[in-house]
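> no sequence on this one, just coordinates:
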Ligand code: 44T
């Protein structure tokens, strides 16, 4: 989010300009023609239209919008004529409603607009943008997709669609369809069950429809399928029809829990097939779905061994059950994303920060903002991991036993003792499972398997960390609360003593280098905020946690800021000296007042405090959450930064134009810190627009941090990236035609990539692809041709890219480093490109808004090199 208060609504109006409203003549003629038919109505239409335009001119968007609605509902004939102005009015009005927090009303307006213009790609796209900003990502994705369907060459919608396609059709659909082992095992299990008489089948969470089609192909008489995601449901319908089964598989767009017999399916079925499992097994709600299915959708379970007849009179489920495994691990990559591992950041002592950790925790009370686990592919974590225990069985579950499923939540907490096998810091419990499809076929999601699966990670949160030793025994509690599996390391048995790990959680501060003064300050802070009883607990996103642990990043800012401040001081003193003769009081006061620094980083950021700690600086932070502001205040006190030097400007946005008044007109910002790269590896949207606005607000000699971003890339051959981007190969998937349909959701840029552990061959050195200059708009270009020489022979499938973020000419931060909180992105080529070592590859790099696109060609002849 970009703080709207910084550049007031009025500033934006000036920048945006107004649409052309000088077309009065034309509409005058049209209204006159219609007036003859229904004078009163036409009178109303015509006067409303005039009012709409007048209001628009006066920037009274709400009234203008109401007038336009009236006009266009009464006289749809004006739609073409008024479309542009209507859109403009809607967008302006929505902007105002947004800043007033009238969100429901905002969406009502869009809905009214879309009733009038259901196929308007600009309105659809804009609706998507609002939804996206409000966090309704699936819904947003649907609007971008529709906008793009209306106009495939609409760049705004395309860019937005690419950013959200991952939510619409999650990338794992590609991995799963490319996982031939998994496909074949499911197919075999289904075939066998159908041959044994299960000939009425329900596929729960059908996705692309693949398991349902397997059942049909195996000879099932009736096949039903349900899918809760709208996009996936529509996709399944397309796929099933294209495979000639449109009439024989009934697909329902609903959650299985809402299905009833005979309303949705005529009678109970003899087989449920499903793969509604996530890395933690239960996260997609399989327990609840199966309990419901056994009660309402399935024939009763088989009791004895014998079953007669061709058609099964009993019901069963594929998969038949699962075994869940766990293992304690040391892993620095997990550690730095879940807890504070450093005592000093950018010259600030972190001792008084209180308890900071990620939103992933199973030890706390159930809370909507908390997740019990996160997911990672252990084999791909930078720095690897070290097993501290042997894998252990955490749970066995039989999906064909409804009593067992129902009893899961009330199962007693199970305590498991695990011998420690090697010394290491306890960072997490990793969890995976074996899915028993039937007696013969099973799938494993373990870290050693060559599958698409990730493992579930239950991080350990103690601020101190805890080193396990070979003769220790780790005590882990396994429970099943609200149908989620929870694992928690509770204690360690060492030399006959039990060390409780929960107790460690209560200690507030890291043990190393305790700072009594800081503790005292923090205690005082607690008294003041009347929180002496509550722990100083604050939650940060995993990427915010990793950022906080990134000492290089903060140190670079610290140095660059210090440099700038000292330069400005010198400049100021020189001016003061120079104007001493003319006795200029303005200059004298200018030097006495502090330098103003604005940090518009997203989420939690220490940079404002680092700026304030330079002295003679007043820093403005965009940290919005109360708890996070409290952390900064505690840190300010304990690091002797006066509270007057740190302000949370988002607390005062109700004062209109507050931001522009402070600092005063004469004394503008000395530095504005922009957050330019998203964790996923993409440049932040609208970065260049923000930079140009920021430039207007700088004092002479002031800077934007960063001043420049250089994009680097490399040619690589990576099968993995291909498998994660699209269904590969010409062969149909299990004999079905699926790829062309799901591949519509392929995106050209792959995000959240870990380039350091990506399985790939490097086919070139890294090269500079592009430069974004934030300080000087004239220095920027939008197209660039880059020539790269291949260093090995191979197939270029992708071009991973990353950034060097230049804070000034000398100081830069790379988004690629081990300590970085950023991931990388990669352009995946639509057609892989064969190259031989020594050949030159021509890359056409383009920047549209803040999105980078790359096209690659082989230079046909060496002469063309020049
Ligand atoms: N992801 C695994 C989960 N659904 C796989 O809407 C492994 C993640 C994964 N529909 C990396 C690798 C992997 N009724 O389309 C979804 C979902 C739908 C339902 C109707 C219900 N009760 C449900 C519940 C879910 O089922 C589909 C599959 S669920 C997840 C599968 C490859 N990251």
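Noted; the coordinates are in hand. No experiment lies behind these values; they were computed from the predicted model shown. Residues are numbered from 1 along each chain as shown.

> in the protein, what residue lies closest to the ligand?
Per Cβ to the nearest ligand atom, residue 205 is where the chain lies closest to the ligand, at 2.2 Å. Every residue, glycine included, has its C-beta placed from N, CA and C.

> for that residue, the count of nearby residues, please.
22 (other Cβ atoms under 10 Å).

> got it, and residue 840?
A total of 18 residues lie near residue 840 under the criterion other Cβ under 10 Å.

> now it, which residues is it bridged with?
residue 789 (DSSP bridges).

> I figured it hits residue 787, correct?
Yes. Contact criterion Cβ atoms under 8 Å: residue 840 and residue 787 qualify, at 5.3 Å.

> name all residues that make contact with the residue lying closest to the residue of the chain closest to the ligand once chain neighbours are set aside.
Closest residue to residue 205 apart from its sequence neighbours, by Cβ to Cβ, 6 or more residues apart in numbering: residue 276 at 4.0 Å. Residue 276 makes contacts with 204-205, 284-286, 289, as judged by Cβ atoms under 8 Å, 6 or more residues apart in numbering.

> run the last query once more with 6 Å
The contact partners of residue 276, taken as Cβ atoms under 6 Å, 6 or more residues apart in numbering, are 204-205, 284, 286.

> check which helix or strand the residue nearest to residue 621 when sequence neighbours are not counted maps to.
Closest residue to residue 621 in three dimensions, ignoring its sequence neighbours and counting by Cβ to Cβ, 6+ apart: residue 608, at 3.6 Å. With elements taken from DSSP states H and E, the one containing residue 608 is helix 607-612.

> so which elements touch that helix?
With contacts taken as 3 or more Cβ pairs under 6 Å, 6 or more residues apart in numbering; DSSP states H and E, helix 607-612 sits against helix 551-579, strand 595-600, strand 617-621, helix 626-638.

> ok, now with 7 Å
Secondary-structure packing of helix 607-612 (3 or more Cβ pairs under 7 Å, 6 or more residues apart in numbering; DSSP states H and E): helix 551-579, strand 595-600, strand 617-621, helix 626-638, strand 646-648.

> returning to that earlier point: among the contacts of residue 276, name the ones in strands.
Of the contacts of residue 276, the ones assigned to strands by DSSP state E are residue 204.

> neighbour-wise, which one of the contacts of residue 276 leads?
Going by other Cβ under 10 Å, residue 204 tops these with 29 neighbours.

> ok, now which ones touch the closest residue in space to that one that isn't next to it in sequence?
Nearest residue to residue 204, sequence neighbours excluded (Cβ to Cβ, 6+ apart): residue 274, at 4.1 Å. Contact partners of residue 274, counting by Cβ atoms under 7 Å, 6 or more residues apart in numbering, are 203-205, 286.

> now pLDDT and distance to residue 471 too, for the contacts of residue 276, in a markdown table please.
Listed next are these as a markdown table, based on pLDDT from 0 to 100; distance: Cβ to Cβ, whole Å:
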| residue | pLDDT | distance to residue 471 |
| --- | --- | --- |
| 204 | 98 | 47 |
| 205 | 98 | 46 |
| 284 | 95 | 40 |
| 286 | 97 | 39 |
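
> of all the contacts of residue 276, which two lie farthest apart?
Farthest pair in the contacts of residue 276 (Cβ to Cβ) is 204 and 284. Separation: 9.8 Å.

> so where is the stretch 451-600 of the chain shaky, pLDDT-wise?
463, 503-535, 580-590 (pLDDT under 70).

> close to the ligand: what parts of it are there?
Proximity of the stretch 451-600 of the chain to the ligand (Cβ under 6 Å from any ligand atom) is limited to residues 452-454.

> got those residues as CSV, with distance to residue 642 and neighbour count columns?
Formatted as CSV, these follow (distance: Cβ to Cβ, whole Å; neighbours: other Cβ atoms under 10 Å):
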residue, distance to residue 642, neighbour count
452, 53, 20
453, 52, 24
454, 47, 21
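
> and those as TSV, adding distance to residue 353 and secondary structure?
Putting these into TSV (distance: Cβ to Cβ, whole Å; DSSP: H, G, I helix; E, B strand; the rest coil) gives the following:
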residue	distance to residue 353	secondary structure
452	38	coil
453	36	coil
454	30	coil
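
> how near is the residue nearest to residue 675 when sequence neighbours are not counted to residue 339?
Spatial nearest neighbour of residue 675, excluding adjacent residues (Cβ to Cβ, 6+ apart): residue 601 at 4.2 Å. According to Cβ to Cβ, to the nearest Å, residue 601 and residue 339 sit 21 Å apart.

> between those two, which is the more surrounded one?
residue 339 (24 against 19).

> isn't that one up against residue 461?
Yes. The pair residue 339 / residue 461 is scored as a contact, 5.6 Å apart, by Cβ atoms under 7 Å.

> on that earlier part again, next, the residue nearest to residue 205: secondary structure please.
coil (DSSP: H, G, I helix; E, B strand; the rest coil).

> and the pLDDT at it?
Note for residue 276: predicted pLDDT of 97.

> which residues does the residue of the chain closest to the ligand contact?
With Cβ under 7 Å, 6+ apart, residue 205 has these contacts: 227, 274-276.

> go again with 10 Å.
Residues near residue 205 by Cβ atoms under 10 Å, 6 or more residues apart in numbering: 211, 225-229, 232, 255-256, 273-277, 284-286, 289.

> which parts of the stretch 201-350 of the chain sit against the ligand?
Counting by Cβ under 6 Å from any ligand atom, the stretch 201-350 of the chain comes close to the ligand at 204-205, 207, 226-229, 232, 255-257, 275-276, 278-279, 284-285, 289.

> separate out the buried members of those.
Neighbour counting with 16 or more other Cβ atoms under 10 Å marks 204-205, 207, 226-229, 232, 255-257, 275-276, 278-279, 284-285, 289 as buried within those.

> can you give me how far the one helix or strand residue 291 maps to is from the chain middle?
Using DSSP H and E, residue 291 sits in helix 286-296. The chain centroid and the centroid of helix 286-296 are separated by 31 Å, computed with Cα atoms, centre = their mean, to the nearest Å.
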